[in-house]
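> Sequence plus predicted model, see below.
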Amino acid sequence: MSTWRLFLALGAVLLVSAAAAAGEATAIRDPAVGEVLRLLESGVSETVIVQWLGTTEPPREVSADDLIALRTAGASDELIQALLARVRGETPVPPPPAPETAPPAAPAQANESSVEPVRFEIRYLATYDPQQASADLFLYVDGVPVAWKEAGSRMRNTLLVFERSLSAGRHAVALGLERHVKQSRDRYRHEARVYPRPLVLDVRPGPETTVAIDLEEGGGFSLVHALGPLTFKVTQGQSTYAFLQGEGPDLGEWPALCEEVETNYPEGAKMPRSARKDLETCRRWADLWQDVANAPDRDWARDEMARYDYRPVPRGSRLH
């Protein structure tokens, strides 16, 4: 073989190899697919991933290479179908829970794998303090950030209303009063205080469930809120099956979230007395989700909020 033919053959081999490498590098083109792969690698359950898919922007497309990557990462057919449903603009349905060794016979009317509509109505009224801005209210369901509500005042007291689909069954709801202040290009200062215990939300098949959360700081003019700042009411149709009124400690007495205190002070850094005091009574993120299987950790929840500039506004939400 002549020298110039040898060079042509080698050049063709290099071009084919480069094209193959480029194909592998662009195998995952849509960010939503990449996020699903990252969640699978982190051990987040598929039920939580499907719920998360309902809160994020849908992928534009899912290619054959995407499907291969998802299957390699351990994605089930149900999860892949939920992702494809989001491409079509549909609401994904969480996969049914894995059966136990000897599952009890379920009543015919209770389909635990069904997805039901839930309406949230959130009001948050904070006392105005000219020295410090009020913390924002964050709502979490099963460890996933669902909504953000800026503090209202007596002159501008709005109600945040939005709908969300949740699987039938028991869910845990947590409330956090948080500030996420940008200090430099890639560093934030995180502060969070949480309601001392999770609230139980039972989603039942049938008419739409309404969850009303009313949080008022300092009692104000309300005799109910003089007893406690929180009112939590769950109704379905004409029935009320969860009702707390005037509950909980004052907002300033809510315990700090341990992880937020610790992330502000790297190991070995000097911690002020106020931070050390918070660590004595703080709550761990995992303590809020003891009854939730495979709940995401706090780092994941914080990263998820950062994608929305720490203001996760539900799609279709409105203020009244």
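Nice, thanks for sending it over.
> quick check: domain ranges of the chain?
Residue ranges for the domains of the chain, per automatic domain parsing: 3-87, 115-319.
> could you pull out the helices for the stretch 101-250 of the chain?
Using DSSP state H, counting those that start in this stretch, the helices of the stretch 101-250 of the chain run over 223-227.
> any idea what sits nearest P196, other than its immediate chain neighbours?
Distances taken as CB to CB, 6 or more residues apart in numbering put P255 closest to P196, at 6.1 Å, once the chain neighbours are dropped. Any C-beta I mention is one placed from the backbone N, CA and C, and that applies to glycine too.
> what's near enough to touch the one you found?
Listed by CB atoms under 8 Å, 6 or more residues apart in numbering, the contact partners of P255 are R193, V194, P196, D278, T281, C282, R283.
> tell me which helix or strand of the chain sits lowest on mean pLDDT?
Here the helix or strand of the chain ranked lowest by mean pLDDT, DSSP states H and E is helix 3-25, holding a mean of 47.
> hey, where'd the strands end up in the stretch 201-320 of the chain?
Assigned by DSSP state E, counting those that start in this stretch, the strands in the stretch 201-320 of the chain fall at 209-216, 230-236, 239-247, 318-319.
> helices or strands up against the first one?
Helices and strands in packing contact with strand 209-216 are listed as strand 115-125, strand 169-184, strand 199-203, strand 230-236; criterion 3 or more CB pairs under 8 Å, 6 or more residues apart in numbering; DSSP states H and E.
> what does the shortest one give?
Contact partners of strand 318-319 among helices and strands, from 3+ CB pairs under 8 Å, 6+ apart: strand 159-167.
> quick revisit: what lies in contact with the next helix or strand after the least confident helix or strand of the chain?
Once the chain leaves helix 3-25, the next helix or strand it forms, by DSSP states H and E, is helix 31-41. Helix 31-41 has contacts (CB under 8 Å, 6+ apart) with 28, 48-49, 52-53, 56-59, 62, 66, 69-70, 73-75, 79, 83, 86, 300.
> taking the residues you listed one by one, which sit in helices?
Using DSSP state H, the members of these that fall in helices are V48, I49, W52, L53, D66, A69, L70, L79, L83, R86, W300.
> Same list, those, but as JSON lines with neighbour count, pLDDT and distance to Q238 please.
JSON lines is the format used below for those (neighbours: other CB atoms under 10 Å; pLDDT from 0 to 100; distance: CB to CB, whole Å):
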{"residue": "V48", "neighbour count": "20", "pLDDT": "83", "distance to Q238": "32"}
{"residue": "I49", "neighbour count": "24", "pLDDT": "83", "distance to Q238": "35"}
{"residue": "W52", "neighbour count": "20", "pLDDT": "80", "distance to Q238": "33"}
{"residue": "L53", "neighbour count": "23", "pLDDT": "80", "distance to Q238": "33"}
{"residue": "D66", "neighbour count": "22", "pLDDT": "82", "distance to Q238": "46"}
{"residue": "A69", "neighbour count": "18", "pLDDT": "80", "distance to Q238": "49"}
{"residue": "L70", "neighbour count": "20", "pLDDT": "80", "distance to Q238": "44"}
{"residue": "L79", "neighbour count": "24", "pLDDT": "83", "distance to Q238": "37"}
{"residue": "L83", "neighbour count": "24", "pLDDT": "82", "distance to Q238": "38"}
{"residue": "R86", "neighbour count": "20", "pLDDT": "80", "distance to Q238": "34"}
{"residue": "W300", "neighbour count": "19", "pLDDT": "95", "distance to Q238": "39"}
